[in-house]
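Chemist: quick one, what's the 3D model for this:
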Amino acid sequence: MMDRNIPVKVGFQQRVLPTYRVPFFDALAEVCPQGLGVFAGEPRSDEALDTGAVPLKAGYYHARNLHVLKRVFYMCWQVNILAWLEKWNPRVLIMEANSRYPSSYSAIRWMRMHGGKLIGWGLGSPTPAGRFSRLRLKRRKDFISRFDALITYSQAGAQEYVKLGFPAERIFCAPNAVAPKPTRPLIQRRLDFSAGRPVVLFVGRLQARKKVDQLIRACAQMPEEKQPVLWIVGDGPQRRELETLAEGLYPTVKFFGAQHGKELEQLFQSADLFVLPGTGGLAVQQAMSFGLPVIVGEADGTQSDLVRPENGWTLAEDNPEKLSRLLQQALGNVNRLRQMGAASYRIVSEEINLEKMVDVFITAVNSVLEG
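Modeler: Numbers count the residues shown, from 1 in each chain. Sure thing, here's the model as predicted:
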C-alpha cells in the first residue's frame, strides 16, 4: 500500500490561487507533515477569476505579481519569489510549467543551488503556431528540460510533453479534480419528463470563453415542445450581456448568480444534464459527482479523460446548431440519460476525484526524492 505521506517540506508556486483550487491545496497539505507552502499572487485586472479564498491547512504566501502585456507575449514577474524561497526553504518545489514567468528561472536556479528537486505542473504544450512559433517551441523545450518530473492533467497533455522531448517515465497524470470522492449515494432521478421539462444546468464564470451565449441560442433553436428549462449559475463580466440575449431569445432562462454550498448542491441535484460549451470547466467533475451526464466543448484536452461516450458528449464543432441537435439527442432518451449519469458517478467515485489527484502528487514527489 502506498505511503500517503510526503516526508519533506514542499513549496508550490502558482501565478494566482483560484478559489476552486483551495480544497486541493488543503488536501495536499494533509499529507505533508513537514509543511506545504503555496506562493501565489493577484490576477490581471481583466481576468474573471475568483481568488477570494485562501488555504486553511497549507501556508499561503502572497506573491507580488508584475504583469507585462505585449501583443504576442504575456509575461509575469513574481518579484518576491526568492525571498519566499529563502524563508520557506522547501526540499521540493512544484511550479507551473510555464516559461512565460521569467522569475521562475531564478527560482529553479535557487533550488538547484540548495540541492532541491523540481516538478513542473501544467496542461500540456500544444504545438505553437503563428509568429515566433519556432522560438516559442525552443523556449518551452528548454524550460521543461529543467524539471525532474512533470505532472499534467491528462494523457493528451502527457503526449504533448513527450513530443517536446521530456522522458515519458517522468511524466505523471493527475486528473484535474475539484471535488472529493462522493459520499452521497447516486441520486435516483425521474425516468420520464411528462410531469415537467428537463433541466439543463451550466455552472461557471460568465465570460466569453465559456460560450454560454451558444447554449442559450441552442436551446432556443430546439422545437418548442422539446425545449428544456435552462439554469445558468455563476457571475462574471458577461452576465448583463447574456441576460439581455436571453430576454429576447429564450426568456425562460433563470440566472442564479454565484452559488455555493448547499444552495449549489441543490441545483446539481435538481438538474438532468450539465452543459459546458466552452473552455475551462472544473465544474464538470463536480456535476458528475451528482450523477449528471455532461456535454462539453473540446476545450484544451483536460476533459478527454473525464468525458467519454459512456457518460457524455464532446462538441466536435463550435456552433449552436450542432449543440441544439446534441441537446435533443441527449434529452430524447431518458433511460439512456440516467445510465450515462450513473457512469459519471462511477468515474468520479473510482477514478477522477480529489483523493486520486493528491495520490498522483504524492507519487511524483516521492519519485523525485528517490532519485
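
Chemist: drop to CA atoms for contacts and neighbour counts, all remaining ones
Modeler: Fine.

Chemist: neighbours of the residue lying closest to G165 once chain neighbours are set aside, how many?
Modeler: Of all residues not flanking G165 in the chain, K141 sits nearest, at 7.2 Å (C-alpha to C-alpha, 6 or more residues apart in numbering). K141: 17 surrounding residues under other C-alpha atoms under 10 Å.

Chemist: who's in contact with the helix or strand harbouring K141?
Modeler: K141 belongs to helix 133-144 when assigned by DSSP states H and E. For helix 133-144, contacts defined as C-alpha atoms under 8 Å, 6 or more residues apart in numbering pick out 97-99, 120, 127-128, 164-166.

Chemist: of these, grab the buried ones for ChimeraX.
Modeler: The following ChimeraX line selects those of the contacts of helix 133-144 that are buried, judged by 16 or more other C-alpha atoms under 10 Å:
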select :97,98,99,120,164,166
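
Chemist: shaky segments in this protein?
Modeler: 1-3, 48, 70-72, 281, 299-304 (pLDDT under 70).

Chemist: let me see the domain layout of it.
Modeler: Listed by automatic domain parsing, the domain ranges of the chain are 10-177+354-370, 199-350.

Chemist: and of these, who's closest to L191?
Modeler: Nearest of the domains of the chain to L191, taken as C-alpha to C-alpha: domain 199-350 at 5.9 Å.

Chemist: how far off centre is that closest one?
Modeler: From the chain centre to the centre of domain 199-350 is a distance of 16 Å (C-alpha atoms, centre = their mean, to the nearest Å).

Chemist: now the end-to-end length of that domain.
Modeler: In domain 199-350, first residue to last residue: 27 Å (C-alpha to C-alpha, to the nearest Å).

Chemist: so who does the residue nearest in space to the middle of the chain touch?
Modeler: In the chain, the centroid-proximal residue (C-alpha atoms, centre = their mean) is L282; its distance is 4.1 Å. By C-alpha under 8 Å, 6+ apart, L282 lies in contact with 176-178.

Chemist: can you pull out the helices in the stretch 1-150 of the chain?
Modeler: For the stretch 1-150 of the chain, the helices defined by DSSP state H, counting those that start in this stretch occupy 22-30, 81-88, 102-113, 133-144.

Chemist: adding distance to A156, write those helices out as JSON lines.
Modeler: Converted to JSON lines, the helices of the stretch 1-150 of the chain look like this (distance: least, C-alpha to C-alpha, whole Å):
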{"stretch": "helix 22-30", "distance to A156": "22"}
{"stretch": "helix 81-88", "distance to A156": "31"}
{"stretch": "helix 102-113", "distance to A156": "25"}
{"stretch": "helix 133-144", "distance to A156": "17"}
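
Chemist: among these, which is the most enclosed?
Modeler: Among the helices of the stretch 1-150 of the chain, helix 22-30 has the highest mean neighbour count (mean count of other C-alpha atoms under 10 Å), at a mean of 21.

Chemist: from D50, how far out is the closest residue to T51 other than its chain neighbours?
Modeler: Nearest residue to T51, sequence neighbours excluded (C-alpha to C-alpha, 6+ apart): P18, at 4.6 Å. As judged by C-alpha to C-alpha, P18 and D50 stand 6 Å apart.

Chemist: so these two - more neighbours on which side?
Modeler: Between P18 and D50, counted using other C-alpha under 10 Å, P18 has the larger neighbour count: 18 against 15.

Chemist: quick check on the more buried one: phi, psi?
Modeler: Main-chain torsions, P18, degrees, to the nearest 10: phi -70, psi 150.

Chemist: so it touches P43, yeah?
Modeler: No - counting by C-alpha atoms under 8 Å, P18 stays clear of P43, with 9.1 Å between them.

Chemist: please identify every residue contacting each of those two.
Modeler: Common neighbours of P18 and P43 (C-alpha under 8 Å, 6+ apart) are L49.

Chemist: ok, and the closest non-adjacent residue to Y101?
Modeler: C76 (4.9 Å).

Chemist: could you find the closest non-adjacent residue to G257?
Modeler: Spatially, and ignoring its direct neighbours in sequence, G257 is nearest to G234 (4.6 Å; C-alpha to C-alpha, 6+ apart).

Chemist: need the contact list for that neighbour.
Modeler: Going by C-alpha under 8 Å, 6+ apart, G234 touches 203-206, 255-259.

Chemist: ok, of the residues you listed, which one's closest to P223?
Modeler: Using C-alpha to C-alpha, F255 comes nearest to P223 of the contacts of G234, at 22.2 Å.

Chemist: ok, the strand or helix carrying the closest one: who's next to it in the sheet?
Modeler: Using DSSP H and E, F255 sits within strand 254-257. Using DSSP bridges, the strands paired with strand 254-257 are strand 229-233 (parallel).

Chemist: which residues make contact with the helix or strand following the strand it pairs with from outside it?
Modeler: Sequence order places helix 239-249 as the next helix or strand after strand 229-233, per DSSP H and E. With contact meaning C-alpha under 8 Å, 6+ apart, helix 239-249 is reached by 206-207, 212-213, 216-217, 220, 252-253, 255.

Chemist: which parts of helix 239-249 are buried?
Modeler: Buried positions in helix 239-249, judged by neighbour count with 16+ other C-alpha under 10 Å: 239, 242-243, 246.

Chemist: ok so, going back, could you give the angle of the helix holding K141 to helix 102-113?
Modeler: Counting by axes from the mean of the first three to the mean of the last three C-alpha atoms, to 10 degrees, helix 133-144 lies at 30 degrees to helix 102-113.
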